[in-house]
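Engineer: sequence and predicted structure, then a few things I'm wondering about:
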Amino acid sequence: MSYDKDSHKIFDFIQNWARKHSIWVLAYGTGCGAIEIPPTMTSRYDAERLGVRGAATPRQADVLLITGYLTTKTLKRVIRVYEQMQDPKYVIGFGSCTINGGMYYDSYNTIKVLDKYLPVDVYINGCMPRPEAVLAGFAKLQQLIAEGKANGAQKYKENLEWYRENQKRISPHWVMPEYNW
Amino acid sequence: MQKLKANLIEHINSGFRDAVAKDYPNENRLDFYVNKQCIPSILTYAKDRLGYIHLSHIAIVDWLEEGEFELIYIIWSPEEKIKMFVRTRVERENPVMPNIDMIWRQANTYEREFREMYGIQFQGLEAPEEFILEDWQGPPPMRRDFDTEEYANETFFHRPGREDAGDVREEIIKRSREEIPDFAKKYSR
Amino acid sequence: MREKATTLYLGPQHPGITGNMMIRLKVEGDTIVGATTEVGYLHRAFEKLQEKRNWLQSFTLMCRFCVPETDPMEESYARAVEAIEGREVPERAKYIRVMVLELARLASFMLWYGGQNGSLGLYTMGQWSVGDRNYILDLFEELTGGRVYHMYIWPGGVRRDLPKGFEKRVLKTMDYFEKRLNDYDDLMFENAIFKKRTQGVGIVDKEKAIEHGVVGPVLRGCGIRSDIRIDDPYEVYDKLDFIVPTAEGGDIWARALVRRQEARQSIRIIRQVIDMMPSGSVYNKIPNPQKWTLPKGDAYVRTEAVRGEIGLYMASDGGTNPRRVHLRGAAYVHAITLLEDILIGANIADVSAIMNSLGTCPPEIER
C-alpha cells in the first residue's frame, strides 16, 4: 500500500473514528468531583453507550479526568500518572476549581490553573457539574478527536521544558521522574 | 442535670484545686479551665473514674493577639450525657504540650495534625513528622500570622480576569445608562 | 516457610480505595503484617479560608468538606452559629431540616450500597442503588437547585419553603425505596459471596472501639447503642419515634446489617416528619451579611451523619469573620489509627471492603 498524502488522511480518519468510540477513563478521583462519576457511569446516565468506561491503571486509560481541585501533593502524583499513560491520551478538567481555582482561589495548597501544568483538552465548568455536563464534555472531546484537534499530548511533548518549569515552581525540592516516552 | 454538674465540679475540684469551672446552665455543657500540666491526669481521672469515656474532639484556637494557643479537649459521658470541656492555654513561642495518646489512641491523629499545622510539640509523640503537607518550607500554615492569599499569589498562577472581576455594577450601569441607587452605593466596596 | 515481607503501595490511584489516600502495606504473601496510612492529598485548608470569609461566605465552604454527605455539615454550621448568636429557628424549619438530613442520609446509604458491593466485585448493586439514588437527588434539585451541594440549611432556618406538592413526591419516592430495599436485601444479604467475604473480616471489638473512640455504624456494629440523635438530640429528633439498630460481631457483616436497618429507619423518620410538619415561616432573616457580627463566644455541636458523629467547634471573637471553625469528621477517628490496627492480619483483597465498611472518607481527615 502506498503511503501518499491522501491515504494518510483516510488512515487518520479511521484511527480517530476508532479512538473516539473507546474513551477509557482512568479511575482516579482526585477531588470531590468524583461523586458525580458513579451516577454518570450507572444506569440512569450510562456513559458506556458513548464508549466511556473506567480503566483501572494508567497504562490502559485514554482520558485523565481531573475531578476538581488539585492539591500540590496530588499534582505530583497526577503528573506521574499522566506521563505513564500511553498515547493517545487526553485530559479533561472537571469543575470550576480546575479552571481558575474556584472557591479555593486563596488557598495555599491547591493549584489554580490546571493548563499551566498539564495540557487540558476540555474543561467542564460548574461546581459540581451535572452528569449531563460530564456527558457533554465527553461528547465535545469526541468531536475534537474526530477533527484531530485533541492534541494535548503532542503539545506536552513539544513544550516539555515550559511545563516542567511550571511544575517545579510548586515544589522546588521535588525530584522528578524521567520517562523515555 | 444541675445535680450531676455540681457533683462533677466537686469531684474535679477535690483532685485538681486550680481547675476553674464555668457552667452553661441551659446546655449540657461544663467548662474547666486548667493548667496544661494537669491535662493527662484530669483526662485519665475523668475517663476511669467518672465515665467520660468518649473523646469527642480536641479543638484548637490561635489567639494571636494574646500570644497563646487554646486547646480544648471535649469529652462526653454516655451515662451522664454531659459535654465536658477541658480548656488550657499554651504560649505561641515554642509551644510544648503533654501527650495524651496513651489515654485515647485517636488523640494521636489530632496531635500529629497540630504539630504540623501549628508547630506545637507533643512530648513523646511517636509518629512520622510529615502528616498532611509534603515538602513544606514555610511556617506552620494554620497559624494566624501566615497569609494564605499572599502565599498563593506568589506560588501559583492565576487566570487573568480575577483582578478586574470586582464591582461589575459600574459597567452594567454604563450599559443601561441608569443611576446607581443610593442603597447600592452604600454597599459597594 | 515464612515468606519474605514486601511493601505494597495501595493508592492514591487505585480503583478500590475510597477516595484519594494511600496505604503503605507490608505484606507477607497475601497477608498484611503492617499498614501505614498516608493522607493529605485533599488538604484545601478550609479552616484557614473560613477565617478570611465572613459568616455567610464561610457557610458556602461548609458543605464542601466531605462530599458524600453535605447536609450534616451545613446543619452543624447552622446550629453552631445559632448557638453562639442565640438565634431562634422557626418550628417548621426544624422539621424541614430533619427531612433534608434524612433524605441525605438515605442518598448516602445508596452510595454505600454501591461502594461496599463494588469492593467485593458485585457490580450489579452499584448499578441499582446509585441509579436509584438519582431519585433522591431529583428531589433535592427541586428543593434547592443543586444535586450534590445544596447550601439549603443555613443559620436561622432553611433557605426556602417546600415547593407545592413536594411532600407527596417525597412520600412516593419513599414508597419506591421501601420496595427497592427488599430487592437489595435479596441481592446482597442472601448472597453467598457477600456472606463469605464479610463475616469475620475487619473485626472491631468493643474495647478497641472505645479506646479509639469510634462513632456511628462502626460502634453500633459492635453492639453499643450510641446515636447522637438519641443521646444528645437536636432539632426535633426527640419528638420522633425510631429505633437505633445494633448488631453483634463488629465485622463488616455486622456493620452492613446496621446500615440496612438504618436505611429503613430513615424512611420511617421522613414519613413521620412529613406527617407532623407544622405550617409557618421557615426563616428568621439574618442581617446584612457584610456587617453581620456574632457575639464573642464558642460552641460545640454534634450531628449524627451517616458514618457517625461529626463535631464542629466554632469560636467567635465578635468580628465579621469566624475566629475558628474546627470540624472533626466521622472518619477522622478511625481512618488512621484504627485502620492501621485492624488491617493487620487481613488479606490484600479485603482492604477495600474494610475501608468501605468503616466509611473512610479522606476529605474530612485533612479538610
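Structural biologist: That came in fine, so what should we check first?
Engineer: name whatever forms a beta bridge with the residue nearest the centre of chain B.
Structural biologist: With distances taken as C-alpha atoms, centre = their mean, residue B:60 lies nearest the centre of chain B, 2.3 Å away. Legend: beta-bridge partners of residue B:60 under DSSP bridges are residue B:71.
Engineer: list the contacts for it?
Structural biologist: Counting by C-beta atoms under 8 Å, 6 or more residues apart in numbering or on different chains, residue B:60 touches B:69, B:70, B:71, B:72, B:114, B:118, B:120, C:324, C:326. (C-beta placed from N, C-alpha, C; glycine too.)
Engineer: let's go with 7 Å and repeat that
Structural biologist: B:69, B:70, B:71, B:114, B:118, C:326 (C-beta atoms under 7 Å, 6 or more residues apart in numbering or on different chains).
Engineer: now it: how far from residue B:134?
Structural biologist: 22 Å (C-beta to C-beta, to the nearest Å).
Engineer: equivalent analysis for residue C:220, please.
Structural biologist: 36 Å.
Engineer: how about residue C:126: what's its closest non-neighbour residue?
Structural biologist: residue C:114 (3.6 Å; C-beta to C-beta, 6 or more residues apart in numbering or on different chains).
Engineer: what about the one you found, which helix or strand?
Structural biologist: Here residue C:114 sits within helix C:91-118, counting by DSSP states H and E.
Engineer: show me which of the contacts of residue B:60 is closest to chain A.
Structural biologist: Nearest to chain A, judged by C-beta to the nearest C-beta, of the contacts of residue B:60 is residue B:118 at 14.6 Å.
Engineer: the nearest residue to the closest one once chain neighbours are set aside - how many residues pack around it?
Structural biologist: Leaving out its chain neighbours, the residue that sits closest to residue B:118 by C-beta to C-beta, 6+ apart is residue B:140, at 5.3 Å. By the criterion of other C-beta atoms under 10 Å in any protein chain shown, residue B:140 has 17 neighbours.
Engineer: residue B:140: what's it in contact with?
Structural biologist: By C-beta under 7 Å, 6+ apart, the neighbours of residue B:140 are B:116, B:117, B:118, B:119.
Engineer: which of those ranks first by neighbour count?
Structural biologist: Most surrounded of the contacts of residue B:140: other C-beta under 10 Å gives residue B:117, at 23 neighbours.
Engineer: hmm, residue B:142 and it touching each other?
Structural biologist: Yes - contact criterion C-beta atoms under 7 Å: residue B:117 and residue B:142 qualify, at 3.8 Å.
Engineer: point me to the residue sitting closest to the centre of chain A.
Structural biologist: Taking C-alpha atoms, centre = their mean, chain A has its central residue at residue A:91, 1.3 Å away.
Engineer: so that one lies in a helix, does it not?
Structural biologist: No - checked against DSSP: H, G, I helix; E, B strand; the rest coil, residue A:91 lies outside a helix; its state is strand.
Engineer: who's in contact with it?
Structural biologist: By C-beta under 7 Å, 6+ apart, the neighbours of residue A:91 are A:64, A:66, A:118, A:119, A:120, A:121, A:152.
Engineer: so the fifth one touches residue A:93, yeah?
Structural biologist: Yes - in this structure residue A:120 lies within contact range of residue A:93 using C-beta under 7 Å: 4.7 Å.
Engineer: those two: who's more crowded?
Structural biologist: Set residue A:120 next to residue A:93 and count neighbours by other C-beta under 10 Å: residue A:93 wins out with 26 against 20.
Engineer: before we move on, back to that, any idea which helix or strand carries the residue nearest to residue B:118?
Structural biologist: Residue B:140 belongs to no helix or strand, assigned by DSSP H and E.
Engineer: again with the one 5 residues further on
Structural biologist: According to DSSP H and E, residue B:145 maps onto no helix or strand at all.
Engineer: quick check: residues of the stretch 251-367 of chain C near chain A?
Structural biologist: Taking C-beta under 7 Å from any C-beta of the partner chain as the contact definition, the stretch 251-367 of chain C meets chain A at residue C:363.
Engineer: which bits of chain B sit near chain A?
Structural biologist: Near chain A, when you scan chain B using C-beta under 7 Å from any C-beta, you find B:134-135, B:141, B:148-149, B:151-152, B:155-159, B:162.
Engineer: those residues: which ones sit near chain C?
Structural biologist: B:134, B:141, B:148.
Engineer: which of these has the most neighbours?
Structural biologist: These, ranked by neighbours (other C-beta under 10 Å): first place residue B:141, 21 neighbours.
Engineer: wait, that residue sits on residue A:108?
Structural biologist: Yes - with contact defined as C-beta under 7 Å, residue B:141 counts as touching residue A:108 (5.7 Å).
Engineer: what do those two both touch?
Structural biologist: residue C:45.
Engineer: sorry, back to before: give me the number of residues near the residue nearest to residue C:126?
Structural biologist: By other C-beta under 10 Å, 26 other residues sit near residue C:114.
Engineer: check contacts around it.
Structural biologist: A:38, C:125, C:126, C:129, C:130.
Engineer: looking at neighbours, which among those residues is most surrounded?
Structural biologist: Neighbour max across the contacts of residue C:114 (other C-beta under 10 Å) = residue C:129, 28 neighbours.
Engineer: for that one, helix, strand, or coil?
Structural biologist: Under three-state DSSP, residue C:129 comes out as helix.
Engineer: give the contact list for the residue nearest to it when sequence neighbours are not counted.
Structural biologist: Once flanking residues are discounted, residue C:129 sits nearest to residue C:113: 3.9 Å by C-beta to C-beta, 6+ apart. Neighbouring residues of residue C:113 by C-beta under 7 Å, 6+ apart: C:125, C:129, C:184.
Engineer: show me where chain B has strands.
Structural biologist: Shown for chain B, the strands assigned by DSSP state E span residues B:20-24, B:29-33, B:54-63, B:68-76, B:83-91, B:96-97, B:121-122.
Engineer: residues in contact with the last one?
Structural biologist: Contacting residues not belonging to strand B:121-122 are listed as B:95, B:96, B:97, B:99, B:111, B:115 [C-beta under 7 Å, 6+ apart].
Engineer: average pLDDT for that strand?
Structural biologist: Regarding strand B:121-122, the rounded mean pLDDT is 88.
Engineer: again with the longest one
Structural biologist: The predicted model assigns strand B:54-63 a mean pLDDT of 88.
Engineer: quick one, that strand and strand B:68-76 angle?
Structural biologist: 160 degrees (axes from the mean of the first three to the mean of the last three C-alpha atoms, to 10 degrees).
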